[in-house]
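> Predicted model and sequence below, questions to follow.
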Amino acid sequence: MGVRKNQRDLTATERTNFVNAVLQLKSNGGYDTFVRQHIDRASTDGQSGAQRVGHDTPSFLPWHRKYLVEFENALKAIDPSVNLPYWDWTTDGTGSTLWSNDFLGPSGVAAQNYRVASGPFAQGSGNWTLNVRSDSFTFLRRRFANGVTLPTAANITTVLAIGTYDTSPWNRNATGSFRNALEGFQGPNLHNRVHNWVGGTMAGFGSPNDPVFWLHHCNVDRLWAQWQARFPAQSYLPGTPTNTVVSIDGGMAPWASTVTPRSQLDHTQWYTYQ
Amino acid sequence: MNDSPNTKPVSRRRALGIAVASAGVLGVSAFVGVQGANPGVALAGAPEGTEFDETYQGRRITASAVAGPEGEGHHHGTVDVRIDGQPLHVMHNSDDTYTSSVNHYESHRTVREAAYRAVDTLGDGSPVGNYQ
């Protein structure tokens, strides 16, 4: 069983091992498959009448939990010691060592259209060209804090106090919904705004092309786990088949029909959070 | 729409849009060419702001409403949006806002605002529509 740590608590060796595993997954083609899955999901989620599986929907949380486990397993196949780290947005902003050149690298250079120019994920490093994309850029881009602030601890306290998983109409209009507040369409906006805070590649369909995607969603997943521990009597909703969304026993594309929200509720079968 | 602090002030964008649109008279003749190249069917009762052809930040932006499946209302129609001819994937959300592939985690009140925001984010880049 893996232990997922705060990225700031990783040892130098753990940081290096994580970066190297990600670079190897990129070089063997596996990484781009994950990017493709996200673009497929994001574009389908917005089609009229289509079932929304990954975004703007109750299964936003279990879909991404499964997506992260699959990615983490792909890294473990390369280096079994690697676990996904999480990014606590409330403590690590622009000055964090998260963005150092031996880890995820810095924000982009304004004069170069916000190209990330150093670190392991700069295109110039020779190891990180964006192949599967929803825009024309083959290089990673970031534009930190462009009119956006990161969520505060108070924002998170507000969202974690919402005692109902989700509510009708099961989309961005849902009120009194933990899922919708965590995803960011209502309330203080947690998940969506962090994508926008990083900016550039992280703002679009192809956001997993930025490795910080995984650390960001790991923190989203951690908050869901905290909510589950706080409200053990509350489960995923909707509990019965509901038009255009995935109910608790519905299958989540692109995985087998057995990969339902219910199958994802107990994360301790795969990992714990430190 | 959410009320979070990261939502851009819309009033400035709307004001810009009006100024650009009123200066873009030449767009009318060019729009015919775009329609000719696009198999989509323009809706007679298209929602306001889904049909335009203008220049923003030096980029040509065109938008045309495309009919949705039979029996569905205009909320289910799609919008064909292009930046210098390249298709920008724009979704019409359940709260009547619009979201593009370039700014997947934002919502905008109009197609025009979504397109402007995409141009601002892309700089000299372009959207890629055929990512499947």
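Right, received. Where do you want to start?
> For chain B, which residues score under the pLDDT cut-off?
By pLDDT under 70, the low-scoring segments of chain B are B:1-48, B:67-77, B:130-132.
> What is the neighbour count of A:Q37?
19 (other C-beta atoms under 10 Å in any protein chain shown). C-betas here are computed from N, CA, C, even on glycine.
> Check the one 10 residues further on too.
For A:Q47, the neighbour count with other C-beta under 10 Å is 12.
> repeat for A:A74
For A:A74, the number of neighbouring residues by other C-beta under 10 Å comes to 19.
> now A:D88
Count around A:D88 with other C-beta under 10 Å applied: 21.
> Helix or strand: which one has it?
Counting by DSSP states H and E, no helix or strand carries A:D88.
> go on, the one 3 residues further on?
Here A:T91 is covered by no helix or strand, with elements defined by DSSP H and E.
> show me the contacts for it.
A:R8 (C-beta atoms under 8 Å, 6 or more residues apart in numbering or on different chains).
> And it, how far from A:H267?
Counting by C-beta to C-beta, to the nearest Å, the separation of A:T91 from A:H267 is 22 Å.
> separation between A:L237 and chain B?
Counting by C-beta to the nearest C-beta, to the nearest Å, the gap from A:L237 to chain B is 18 Å.
> next one: phi and psi at that residue?
Main-chain torsions, A:L237, degrees, to the nearest 10: phi -130, psi 150.
> can you pull the contacts of it?
A:58, A:164-167, A:248.
> do the same with A:W99
A:105-107, A:119 are the contacts of A:W99 under C-beta under 8 Å, 6+ apart.
> Which ones among these lie within strands?
Using DSSP state E, the subset of those located in strands is empty.
> Kindly reformat those as CSV containing distance to chain B.
Converted to CSV, the contacts of A:W99 look like this (distance: C-beta to the nearest C-beta, whole Å):
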residue, distance to chain B
A:G105, 19
A:P106, 18
A:S107, 15
A:G119, 21
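> quick check, the longest strand seen in chain B touching chain A?
Ordering each strand of chain B by length in residues (DSSP E) puts strand B:59-66 first. No - Strand B:59-66 lies out of reach of chain A by C-beta under 8 Å from any C-beta of the partner chain, never closer than 11.0 Å.
> now for that strand, which elements pack on it?
The contact analysis (3 or more C-beta pairs under 8 Å, 6 or more residues apart in numbering or on different chains; DSSP states H and E) places strand B:59-66 against helix B:27-37, strand B:52-56, strand B:78-83, helix B:111-122.
> Which one of the contacts of A:W99 sits in the busiest neighbourhood?
Result: A:G105 is most packed of the contacts of A:W99 (other C-beta under 10 Å), 25 neighbours.
> What distance do you get for the spatially most central residue of chain A to B:V79?
Nearest to the geometric centre of chain A sits A:H217, at 2.5 Å (C-alpha atoms, centre = their mean). Distance, A:H217 to B:V79, using C-beta to C-beta: 29 Å.
> For A:R141, give its distance to chain B.
Distance, A:R141 to chain B, by C-beta to the nearest C-beta: 8 Å.
> Quickly list what that residue is bridged to.
Beta bridges link A:R141 to A:R115 when assigned by DSSP bridges.
> Am I right that it is in contact with A:V116?
Yes - counting by C-beta atoms under 8 Å, A:R141 touches A:V116, with 6.7 Å between them.
> Between the two, which contacts overlap?
A:108, A:200.
> hang on, the earlier thing: got the phi/psi numbers for the closest residue to the residue nearest to the centre of chain A other than its chain neighbours?
Once flanking residues are discounted, A:H217 sits nearest to A:H64: 5.2 Å by C-beta to C-beta, 6 or more residues apart in numbering or on different chains. Phi and psi for A:H64, reported as degrees, to the nearest 10, are phi -70, psi -30.
> Return the residues in contact with A:H64.
A:H64 neighbours (C-beta under 8 Å, 6+ apart): A:54, A:217, A:220-221.
> That one and A:G46, how far apart?
Distance from A:H64 to A:G46, by C-beta to C-beta: 17 Å.
> which residues in the stretch 151-274 of chain A form helices?
A:153-160, A:178-183, A:191-198, A:212-230 (DSSP state H, counting those that start in this stretch).
> cool, and the stretch 1-150 of chain A?
Using DSSP H, counting those that start in this stretch, helices in the stretch 1-150 of chain A cover A:12-27, A:30-45, A:60-78.
> Compile those into JSON lines and extend it with columns for mean pLDDT.
As requested, the helices of the stretch 1-150 of chain A are exported to JSON lines (pLDDT from 0 to 100):
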{"stretch": "helix A:12-27", "mean pLDDT": "98"}
{"stretch": "helix A:30-45", "mean pLDDT": "95"}
{"stretch": "helix A:60-78", "mean pLDDT": "98"}
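> From what I see, A:T164 and A:S177 are in contact.
Yes - A:T164 is within contact range of A:S177, at 6.5 Å (criterion: C-beta under 8 Å).
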